[in-house]
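1. need the 3D shape of this:
(chains A and B)
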Amino acid sequence: MDNTTDQYLNGTLDRNRAGDYPLHRREVVAALLADRGDILVVAGLGAPVWDCTAVEDHPLTFPLWGAMGGAAAMGLGLAMAQPERRVLVITGDGEMLMGLGALTTIGAQQPGNLAVVVCDNERYGETGMQLTHTAGSLDLPAMALAAGFATATSIRSDNEFKAAVPAIRAASGPGLWSIKIRAEASPIGAMPPKDGVTLKDRFRAALLA
Amino acid sequence: MQEQPDGGDPIDWTGAILSVLQDWRVSQIAYVPDAGHSDLIVRCDRAENMRLVPLTTEEEGIAVLAGAWLGDQRGVLLMQSSGVGNCINMLSLARVCRFPLLTLVTMRGQWGEFNPWQVPMGQLTPKVLEAADSLVFPVDDPGQMGQVVAGAARMAFEGPAQAAVLIGQAVIGAKSFGK
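-> Reported below is the predicted structural model:
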C-alpha cells in the first residue's frame, strides 16, 4: 500500500492535494511527443487532445472527441494490428476510469508495444474540476499491475518523469504511467479536426503509405 | 449444429460464418461470450491468423476494432443481445468516423425465452442498432447464415458501415437450462 492508502484509511488524506503537484500537463505531453519518431498516438477526450494538439496536429495522433472510456481499448486494437510500432495512449484519469475493464483486456493480450499514459490531475477537467476516484485512495498503477501489465508506476516529480520517458517510449509492455499533474485550468488552444472520417483517413494514409 | 426437421444432415452454420471471416481475412475476434457463439469462438481460436480478444464489456470491442482498422486489420465483434445495450455511446465512434463494424449478435429474449430479464434488450436490440445507424440483418434460417454474414461483411468492410447480424433463437435454440 502506498502512502495515500494509509492516509485514506486513517482519515488524513487531502483530496485537494493535486492543486500542489509540481508537474504541468502541457509540459509533460510536450516532452512525451518531442522527437516522436514513428510512434502512433491515441489521445483520450478532453484535455489530453488539446495537450497533444498544442504540440502538433499530427496525422498519426488520433484524437478522440467522444467515445469516453475507449482510448486504451483503441490503443490495444492498434497495437495488435501494428506490433512493430510503438503505440502510446495519452488520456486522462476520468477517461481511463470509464474504461477500467480495458486494463484487464490489455493484461490478457500482453501487447509488448503499448504504453498507456494517464495525465492524472484527479479531476474531471472538462466539466468543472470535480474530483475523480484517483483523488481518493484509488491506485491506478496497482490496478494495472494486478491486471498483468509489465510496468506500471506513478510519476510525481520532474526527475521521476525525465527518468520515465525512455521507458514510456520503448519499454517492453504493456506499461501504464500515471503522471500526477497539477489540477489547474489549462487553455484549450488549438483544436484538431472534428470530422472523424478525416481523422481516420489521414491516420491510415500516413501509416499505410 | 442445427438438426434439420426432416432428419437431414445438420447445417454447420458456424462453419459458414468462419468461412466468411476467413474470406475477409478477419483477424481480431473480439467477444463477450455467449453460449450461441461458443462453437465459433473455439473454431476461431484454432484458425490460423485469428486472434481472440476476450472483452470485459462489449463497448470495449468497438474501440478495439476501431484501433485495429487504423492499423489495417479487420475484426469482428461477437456478443449476445444484452450486450448491445452496453454499446450505445461507443457506437458513436464507428458512426462519426465511419469505421467498419461487423457484429454478430446471438439473440436472447426474442422468442421462446424462459428468462424475462433477457426480454427487454432482446426486443430492443434491432431498434437500438437501427437508431445508432447500424445495418441490421436478422437470420432465422441456419441455411442462410453464410450468405447473410457474407453480405453483412461486404457492406461493413467495403462501405465502410456498421453491420449487425442478429442470429435468432430459431437458429441457436431457446435456452432452457434444462428446465
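
2. in PDB, list the C-alpha atoms belonging to the lowest-mean-pLDDT helix or strand in chain B.
-> Lowest by mean pLDDT, DSSP states H and E among the helices and strands of chain B is helix B:169-172, with a mean of 91. These are the backbone C-alpha positions of helix B:169-172, laid out as PDB (Å, rounded to 0.1, in the frame of the first residue of the first chain):
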ATOM      1  CA  GLN B 169     -33.200 -18.000 -31.300                       C
ATOM      2  CA  ALA B 170     -34.800 -20.100 -34.000                       C
ATOM      3  CA  VAL B 171     -31.200 -20.900 -35.100                       C
ATOM      4  CA  ILE B 172     -29.500 -21.300 -31.700                       C
END
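
3. listing request: residues of chain A with sub-threshold pLDDT.
-> A:1-2 (pLDDT under 70).

4. change it to 90
-> Applying pLDDT under 90 to chain A flags residues A:1-16, A:137, A:173, A:185-188, A:209.

5. which positions in it make contact with chain B?
-> For chain A, the residues in contact with chain B under the definition Cβ under 8 Å from any Cβ of the partner chain are A:40, A:42, A:62, A:64-71, A:73-82, A:99, A:101-102, A:104-105, A:108-109, A:196-197, A:199-200, A:203-204, A:207-208. The C-beta positions use only the backbone N, C-alpha and C, and glycine is treated the same way.

6. quick one, which of those are buried?
-> When burial is judged by neighbour count using 16 or more other Cβ atoms under 10 Å in any protein chain shown, the buried members of those are A:40, A:42, A:62, A:64-65, A:67-71, A:73-82, A:99, A:101-102, A:104-105, A:109, A:196, A:199-200, A:203, A:207.

7. and these, which of them are in helices?
-> When these are checked against helices using DSSP state H, the ones located there are A:71, A:73-81, A:101-102, A:104-105, A:109, A:196, A:199-200, A:203, A:207.

8. ramachandran angles for A:Y124?
-> Backbone dihedrals for A:Y124, given as degrees, to the nearest 10, come out at phi -90, psi 90.

9. in the sheet, who's paired with it?
-> Assessed by DSSP bridges, A:Y124 has beta-bridge partners A:Q130.

10. can you check A:C119 too?
-> Using DSSP bridges, the beta-bridge partners of A:C119 come out as A:G92, A:I179.

11. what sits against it?
-> A:C119 sits next to A:25, A:28-29, A:47-48, A:51, A:90-93, A:179, A:181 when contact means Cβ atoms under 8 Å, 6 or more residues apart in numbering or on different chains.
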